[in-house]
Structures are given as structure tokens and as C-alpha cells.
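> the sequence and its predicted three-dimensional model are supplied below.
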Amino acid sequence: MIEPVELAHFFLFFFTAAAVIVAALGYALLYAFARLYRRRGLLRGAWLAYGVLAAAVLTLGWLANLTGYWQVLVGLLLVGYGVAPVLIWRLCVATHEGEGRT
Amino acid sequence: MNTASTPWWASTGFWKKTAIWVTAASFLLLIGLTFDTMAKMVAGSARVPDYTVINRHIDYRYDDQKRRFMPVIGGEAPLFGKVLSTEEAERLVTLGKKTIQAKNCMNCHTLLGNGAYYAPDLTKAWLDPAWGPESARPLLMKLFLMDPEGNARTYGTGRKMPDLGITEKEAEGIIAFLKWMSAIDTNGFPYNFRTAEGG
Amino acid sequence: MVRTLDGAHLNGGQKLAVKYFNVAVILFFAQLAFGLLAAAQYLHPDFLRGVLDFNVNRMVHINAMIVWMLYGFIGSVYWFLEEESGRTIVGLRLGHLAFWLLTLAVTVVVAVYLLVQTGPGDDFTRWFVNEGREYIEAPRWADIGIVVVMGVFFYNVAATFTKGRWSGIAGVLTLDLVALAGLYLAGMFYVTNISVDQYWWWWVVHLWVEATWEVLVGCIMAWALMHLLGVRRRIVETWLYIEVALMFGSGILGLGHHYFWIGAPEYWLAIGGFFSALEPIPLVAMVVHSIYDAGVHRLKNRNHPALAWVIAHAFGNFLGAGVWGFMHTLPQINLFTHGTQWTPSHGHLAFFGAYATINIAFFYLAVQQWRGNVWMGAGLAGGWRWKWALGLLSVGVLGMTVALLIAGYEQSFIERAQGGSTWSAYFAAQTHPWFVESMAWRMAFGWVTLAGFVLLVWDLLTIGRHETRTAETLEEEPALVHG
Ligand code: HEM
Ligand code: HEM
Ligand SMILES: [Fe+2]
């Protein structure tokens, strides 16, 4: 069963949910650019973006009362959106192997 | 197909197989769930009542145990003063459903929250306090459906339901359909809806 | 020198494709026109009342959208079918016949929508006037006609690949078309039980836009990327499979996010919440990969407007489906946003961002070839037009989306949470200043959208007319056979 979001938390909830996905993209892009251009600064930005993402997911868990088995969703979001960008990047490189990246 | 330097987890073959397996597994799961859901949603199940529910009193209340709102089926309260048999009830609700489709209601209203947003949700329309006491409801609804412009209450929006040429029989069907729909267990949607009895 | 749009530059499939594209653009206009009428009725409820009521305008608005996008997709497939299969299309004349049949059927259906509108509550109305189910209102006779025409289309595709050459793209495309047509059948029967009705109705709607359409676009994009940027076949095909795995893996069971409140069992709350929360992942993957591709190929491409629209597609899909979708997909919040203006806020951005964009990109690919492989790279004469069209359309739709978002937020608060969704709560939310002003803003941005459309059509009709240069050819594999 679910425990709905509280009225007072609506705005924060929408904001946080958007932050999760936007941070996921930011993290993925920063990570990709950091590798593409071999820039350590960007890599730090990527970890920062993941930090924002993780904070947003935890906040989301609190706002949406993700208790009980719904905690699995929090874990899934933390791991899924954390690992996916790295895997996506690796796939980009590995599938373009032999195409002469500069 | 792949150059020697491509690792197996980035190879075309690996992803082709993955795509096939993931799709097949998801689809099979969906089929299994569909069978289960169909069994739990037939008219006459715990979630979706039999059409003869239109002979009964219906309310919508907060359930302390489930911690959400639930339909509550009460004693006898026949629609239009007549207790209908199983077939009669189904026939009337069917007429209502067909009329709702024929008049394109869902391109202004929502039913179970799906449709258009120009007019109120009809999920619990039968129970809406705006229709007054249960004894007056069927007649008021009928008059409204047959002459929506003449009986319009626009609450300051100026929006009036158009005259769709609904006959008396069709209006009765629609009302029966709405009453039946209001008894479906919708997992607590709409939230906090208060019936005339103060649910 | 004036370059004309000359059929001599096109192969057989491409000649059929441009017919589909022409009708698509006309229907796109119909979509916008009827959207504006419906939006105007929010502001002036007496406008056209009794002549074209809101439900009629809205029905034409969303039906025109579905149909123009399908026309665009079908056209795109015919466009590349000969190059991809390495031979002329099998049964092309049948394909032309099917096009005229479909177009005739669409014309009759729209005429009946506008002139007859509704009917008595019997089976005749559902068979010959209006089925009354959102998006698939087309009466039953037309459903059957559509299935027959899709059968011809499918025959063209499958037979051409079989007699020509199969490829990864061809395989995915063919299977996806089977699924797409099969799903349409799920919307072709009558039931009284509204819960069962909506259960199957969502199979059509959700499994189209969040599964089979995404994959169809994936196929079209795969071909376009090879053509536009010269990306290697092995790479686009591997990525096509990756996207299929991610899309279907999250999207098929993500269907559950529509089963929260329709009378289905409680387990759908968890299934829908979990799987749909993962649906943005493939969209993130798509953005990253397309940026990687563009970076590797240093944005060298032979058609600037088309690539710009492809990039708009990647971001639009991400924003409209990914971000806007995720914001209301958990049942804990959907309980309040369900069926408010929140829903069309997401619907507009997602359909535009994911599907209008990619179709427009393809229109640009088509006019390029149609004008004799004209130069569409840097320094294109009149290049401001496509940029402004892209800008106005995007700003218009984003503006409408934000206006609807504000209205939806207010509604979920006042109507759903506080007022408990009664009729008086509904109207309280509809008359709230935030709502009223949002509707005015939506109207204004609707006009911006229309302005963008006008510019787009002007541009498509004239781009490259006075251009003397010819587009550079990219190395593509395998060697293409032009018919
Ligand atoms: C390109 C992909 C997508 C398109 C074109 C699209 C379009 C739409 C449309 C038009 C509706 C409204 C349907 C109606 O009329 O009732 C809708 C509803 C919905 N969509 Fe999407 N969508 C897409 C992807 C997504 C994704 C990825 C998510 C979740 C992450 C999502 C979540 C939802 C939800 C929860 C609803 C139900 C809204 C309600 O309860 O009223 N959508 N979508
Ligand atoms: C001139 C610009 C447009 C205007 C003024 C407009 C207006 C409208 C209106 C008034 C509705 C009915 C909403 C309701 O029931 O309250 C609607 C629905 C819809 N429109 Fe548009 N529209 C425009 C452009 C577009 C575009 C470009 C797309 C997509 C490519 C689109 C896709 C949709 C969809 C999917 C729905 C159904 C949404 C739902 O049921 O949630 N519209 N539009
Ligand atoms: Fe969906």
C-alpha cells in the first residue's frame, strides 16, 4: 500500500522528482565529457551531480513515504541511476572501438 | 560481426540476445498479470461489483484498516424505484456505457480519471453532494442529462454541457452506469472525497 | 538557377513517402487549428457552442496528431526501405493504393466527426460515427480499414526485406510493426465493464507511445544517423538493441502506472511505480550517446536542420517523457495529479518532444533529396527560417507545457487534495486565478506554436531553392543501390 505525499510537500516533491532526473542527466553528461576530454574537473562535477541525485532520491523517499518494500525503489534509483551513466559511457567507447576517436 | 577488440558485453550479438530475452520476459510477465487482473476485475468480483449493485445503497468512506477510501455497499436502494434482475441491470448499464461512448463524453470529462479535463471527473459522480439527497438524485440527474443547458450550473466558469440529444431511456442507462461505476474499488482515488452523508 | 522539388531525384519508395509526408503536414495543421479552438473555449465557453463543442474539437485535435505522426512514420520507413533492403519495393503499387484508401478513410472519418459528431447509444454509432474512446475514437469500420492498410504496409516492408537484404534494423523494424499493429487490435472490441475497457485501452495508448513507437523511432533514427553523420552500421545496430532492451524492459511493465486507479489490484501500484521510475534511463542513454556520436563526428553533417531536430528529439524526449513523466508517475503523487492539467502538460511536451521533432527531422531529410541532394550545411541561404521555426515551435510548446503545469499544480492542490475532487471542488479549482491565467498563457503560446508551424512549412517549401551547392556524400555502408 501507499502513504500519499502530504499536501504541504507537493511543491517540494515535484521539485525533487525533477531534480532526480535532471541530476541523472547532468551526472551522465559530465561523466561522459570528463572521459571524452580527459578532464579531472569535470569528473569532480560528475560526482557532485551524483551527490545531488542521491540527496534528491533520499528526499524523495522521505516526501513520498517510501517505507517498507518501497525502500527497494529508493535503492533501485540510487544504484540504477548511479551505475547507468558509467555503463552508458563504457558502451559508447566499446561500441565505437576502431572508429578512431580523437 | 564485431572487431576483435570489442568486449563481449558491448557486442552486437550480446545486445541482440539481451533485447530478445528482456522483451520476452517482460511480455510474459505482463500476460500472466493480465490473466490475474482480468479474474479480479470481472463484474461481480470484490473490486468491481456486479451490475445489480445499482439496486443497493452505495457510499464511499475512509477505511481505517486499509488506510484509504473504499466504496461501501449498503442495503437495498433501487434506482428509479424498481429492483432489477441481473439481466435487466446489465442491460441498463450497457445502454449507459454505449451512450457514454456514442456521445463522446470522455472528450470533456474524465472517467476513473482518464479522458479530458474540461468538465468534472465522473468516477464518483453518483455520490456527489451537488446532487442533493439520494431520493432526489435520479430525477435531478435525468433532467440534467436531457436538458443540460437549461439546467446548467456553471459555478462561475460559464461552461455548459451541450445538448447531446440524450433520450430518457439513455439517461436512465447513463445514471445506472454512473451508479455502478461509483461502486468500483479504485484504490482510494479520488482521495478525500466526501459524500453527502459525510463519508 | 532555381532547384525544384523533382520526383526524378527520388526512388520508388521515396515517391510514396513524400505523399505520406504531404498529408502528415496538412494533418499537423489540423491538429494545431483544432487545439486552438479547444483552448479558446476554455477562455470563452460560448465560442462555437452547439456548432463545434469542446469534445469535437479536442477529438479532432488528438486524432489528427496520432494520424499525422503515423503518416510520418510510415513515410519515413518507405523512404529508406529501398536503400536499406538494396532492392525496389515489392508490391509498391499496392502501397500507393493503400495510401489513397487510408487517406480517403481519414477524410471520411473527420468529415463525420465534424458533421455528425455523435449518435444514439447503440452499436451503429460505434461502428459508423464515433467510438468515444480517447485517441482511438475512429469508428469500427475505419479501425478495420486501418488494419488492412497496415497489412499492406507490413507486406511491403517484410517482402522487400525478404527478397532483398535483411539487416539488424530491418529485423527490429519488422517485429516492432507486428507488435504495433497487434496492439491496435486490443482497442477494437466493446465491453461494458469500464475497468476492463480501460485496462485494454491503455495497452494501445501506453504500449504504443512508451514502447513500440519509441522503438520505431529508434529504427528510423538508426538509419538517419548512418545517413546524416555517417555512423557505422554495426554501431547504430548495437545501440538499437541496447535501446530496445532498456525501453521494453522498463516500458512494458511501466504500463502499470495507468492501472493505479481503474479498479485493478493493488499490486499494480508497486509494479507501475517501480518500472516506470526506470523509464527515463534509456532516455538518458540516448542523450549521452547522441552527444558522443556528434562529438566523434565533430558535428560534421550534411543536413543542419535535420540534425538540429534530431537533437531536439533527444532532449525533448528526455524532458517530456523522462522528467515530466517521472514527476507524476509514483502513485503517492499520482493520486493527486491524475486527470488534472498535469496530465496534458506532460502529454504535450512528450508527444511534441519525442515524436513531432523526429518527424520534422525526417521532412528535412526528404526535401533535401527531393531538391536533388541540395546543400543544407553551413551558410545555407535563408537559414534563419528553419532556426526560427525550431525556436518558435519549441518555445510555443514549452510555454504551453509550463502554463498547464501551473494549472495542474493548483488543481492537484485545490481540487484533488483539499476539495476531495467533488464537482464544487473541480469548479473551485477551475476559477482560481492561477488556473484562469494559465489558460490565457496557454492560448498565447498556442499562437506562438502556430507561428512556428507556418514558418516551418514556408521553410520546407523553399529551403535550398536558390542553393547552387550539392551536399557532400558521406561514406555509408553497405554501398547503396539507388533505384
Ligand atoms: C514519449 C513518451 C511518452 C508520451 C508520448 C507520453 C504521453 C502521455 C499522454 C498523452 C498521457 C495522457 C493520456 C491521457 O489522455 O489520459 C500520458 C499519461 C501519463 N504518462 Fe506519459 N508519455 C510518455 C512517456 C512517459 C514516461 C516515460 C512516464 C514515466 C516516467 C510517463 C508517465 C505518465 C503517467 C504517470 C501518466 C498518467 C497521468 C495521469 O494519471 O493522469 N509517460 N502520457
Ligand atoms: C496550437 C497549439 C496547441 C493548442 C492550443 C493545444 C490545445 C489543447 C487542448 C485545449 C487540449 C485539451 C486538454 C483538455 O482536455 O483540457 C489538448 C490536448 C492534447 N494536445 Fe494539444 N494543443 C496544441 C498543440 C499540441 C501539440 C503540438 C501536441 C503534440 C505534438 C499536442 C498534443 C496534445 C495531446 C497529446 C493532448 C491530450 C492530452 C491529455 O489527454 O492529457 N497539442 N491540446
Ligand atoms: Fe504511460
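Looks like it arrived, so ask away. Ligands and ions are numbered 1, 2, ... in the order given.

> switch to C-alpha atoms for all contacts and neighbour counts from now on
OK.

> for the longest helix along chain B, packing partners?
When chain B is parsed with DSSP state H, its longest helix is helix B:12-41. Counting contacts by 3 or more CA pairs under 8 Å, 6 or more residues apart in numbering or on different chains; DSSP states H and E, helix B:12-41 packs against helix C:194-207, helix C:233-254.

> got the buried residues for it?
For helix B:12-41, the buried set under the neighbour-count rule, 16 or more other CA atoms under 10 Å in any protein chain shown, comprises B:12, B:15-16, B:18-19, B:22-23, B:26-27, B:30, B:33, B:37, B:40-41.

> and what of stretch C:332-346?
Along stretch C:332-346, these residues count as buried under the neighbour rule (16+ other CA under 10 Å): C:332-346.

> residues contacting residue C:212?
With CA atoms under 8 Å, 6 or more residues apart in numbering or on different chains as the criterion, the residues that contact residue C:212 are C:176, C:177, C:179, C:180.

> how about residue C:235: what's its closest non-neighbour residue?
Nearest non-adjacent residue to residue C:235, counting by CA to CA, 6 or more residues apart in numbering or on different chains: residue A:95, 5.8 Å away.

> just give me the neighbour total for that neighbour.
By other CA atoms under 10 Å in any protein chain shown, the residues close to residue A:95 number 25.

> what sits against it?
If you count contacts by CA under 8 Å, 6+ apart, then residue A:95 has B:6, B:10, B:11, C:235, C:238 around it.

> give me the below-cutoff pLDDT ranges for chain B.
Low-confidence segments of chain B, defined by pLDDT under 70, are located at B:1-4, B:198-199.

> in it, which residue is most central in space?
For chain B, the residue sitting closest to the mean C-alpha position, by CA atoms, centre = their mean, is residue B:112 at 4.0 Å.

> correct me if wrong: that one contacts residue C:260.
No - with contact taken as CA atoms under 8 Å, residue B:112 and residue C:260 are classed as non-touching, separated by 10.0 Å.

> now list whatever residues contact both of those two.
For the pair residue B:112 and residue C:260, residues contacting each of them under the criterion CA under 8 Å, 6+ apart are residue B:186.

> what about residue C:319, distance to residue C:283?
Residue C:319 sits 9 Å away from residue C:283 when distances are taken as CA to CA, to the nearest Å.

> so residue A:62, which state does it fall into?
State at residue A:62, reduced to three classes by DSSP: H, G, I helix; E, B strand; the rest coil: helix.

> list the contacts of it.
Counting by CA under 8 Å, 6+ apart, residue A:62 makes contact with nothing.

> now do the one 4 residues further on
Counting by CA under 8 Å, 6+ apart, residue A:66 makes contact with A:3, A:60, A:73, A:74.

> for residue C:50, state which of those residues is nearest.
residue A:3 (44.2 Å; CA to CA).

> confirm for me that that closest one is in contact with residue A:65.
Yes - look at residue A:3 against residue A:65 with CA under 8 Å: they come within range, at 5.9 Å.

> quick check: neighbours shared by those two?
Contact criterion CA under 8 Å, 6+ apart; residues shared by residue A:3 and residue A:65: residue C:332.

> give me the neighbour count for residue C:134.
A count of nearby residues for residue C:134, using other CA under 10 Å, gives 21.

> buried residues, stretch A:3-10. List them.
For stretch A:3-10, the buried set under the neighbour-count rule, 16+ other CA under 10 Å, comprises A:4, A:5, A:10.

> right, I mislabeled it, should have said stretch B:142-155
When burial is assessed from 16+ other CA under 10 Å, stretch B:142-155 yields the following buried residues: B:142, B:144, B:145, B:146, B:147, B:148, B:149.

> indicate the residue of chain B located nearest to ligand 1.
Nearest residue of chain B to ligand 1, counting by CA to the nearest ligand atom: residue B:114, 4.8 Å away.

> ok, that residue touching residue C:339?
Yes - the pair residue B:114 and residue C:339 passes the contact test of CA under 8 Å, sitting 5.9 Å apart.

> can I see the domain layout of chain B?
As recorded under automatic domain parsing, the domains making up chain B are B:12-41, B:51-181.

> ok, and the closest non-adjacent residue to residue C:385?
Closest residue to residue C:385 apart from its sequence neighbours, by CA to CA, 6+ apart: residue C:459 at 6.0 Å.

> pLDDT score assigned to the one you found?
Predicted confidence (pLDDT) at residue C:459: the value is 97.

> now do it against chain B, distance only.
Taking CA to the nearest CA, to the nearest Å as the measure, residue C:459 and chain B are separated by 34 Å.

> neighbours of that residue, how many?
By other CA under 10 Å, 20 other residues sit near residue C:459.

> in what helix or strand does it lie?
Element membership of residue C:459 [criterion: DSSP states H and E] is helix C:433-462.

> is there proximity between stretch A:22-33 and chain C?
Yes - residues of stretch A:22-33 are located near chain C by CA under 8 Å from any CA of the partner chain, namely A:22, A:24, A:25, A:28, A:29, A:32.

> most neighbours, which of the residues you listed?
In terms of neighbour count, residue A:28 stands highest of the residues of stretch A:22-33 next to chain C at 29 neighbours, by other CA under 10 Å.

> phi first, then psi, for the residue nearest to that residue when sequence neighbours are not counted.
Nearest residue to residue A:28, sequence neighbours excluded (CA to CA, 6+ apart): residue A:85, at 4.6 Å. Backbone geometry at residue A:85, expressed as degrees, to the nearest 10, gives phi -60, psi -40.

> list the contacts of residue A:85.
Listed by CA under 8 Å, 6+ apart, the contact set of residue A:85 reads A:24, A:27, A:28, A:29, A:31, A:32, C:285.

> what secondary structure does the third one sit in?
Reducing the assignment to helix, strand or coil with three-state DSSP, the entry for residue A:28 is helix.

> count the neighbours of residue 14 for me.
By default, I'm working from chain A. Counted by other CA under 10 Å, the residues lying close to residue A:14 total 19.

> you answered for a different chain; I wanted chain C.
A total of 24 residues lie near residue C:14 under the criterion other CA under 10 Å.

> returning to that earlier point: looking at the domains of chain B, which is closest to ligand 2?
Nearest to ligand 2 among those is domain B:51-181; the distance by CA to the nearest ligand atom comes to 3.7 Å.

> center of the chain - which residue?
No chain was given, so I picked chain A. Within chain A, and using CA atoms, centre = their mean, the residue nearest to the centre is residue A:24, at 3.2 Å.

> not quite, I wanted chain C
Against the mean C-alpha coordinate of chain C, by CA atoms, centre = their mean, the closest residue is residue C:355 at 3.4 Å.

> list the contacts for that one?
With contacts defined as CA under 8 Å, 6+ apart, residue C:355 is in contact with C:69, C:217, C:313.

> next one: the last one, what pLDDT does it get?
At residue C:313, the predicted lDDT confidence score is 95.

> and the second one, by the same measure?
On pLDDT, residue C:217 comes in at 96.

> phi first, then psi, for the residue in chain A that ligand 1 sits nearest to.
Nearest residue of chain A to ligand 1, counting by CA to the nearest ligand atom: residue A:21, 9.7 Å away. Comment: the main-chain dihedrals of residue A:21 come out as phi -70, psi -40, following degrees, to the nearest 10.
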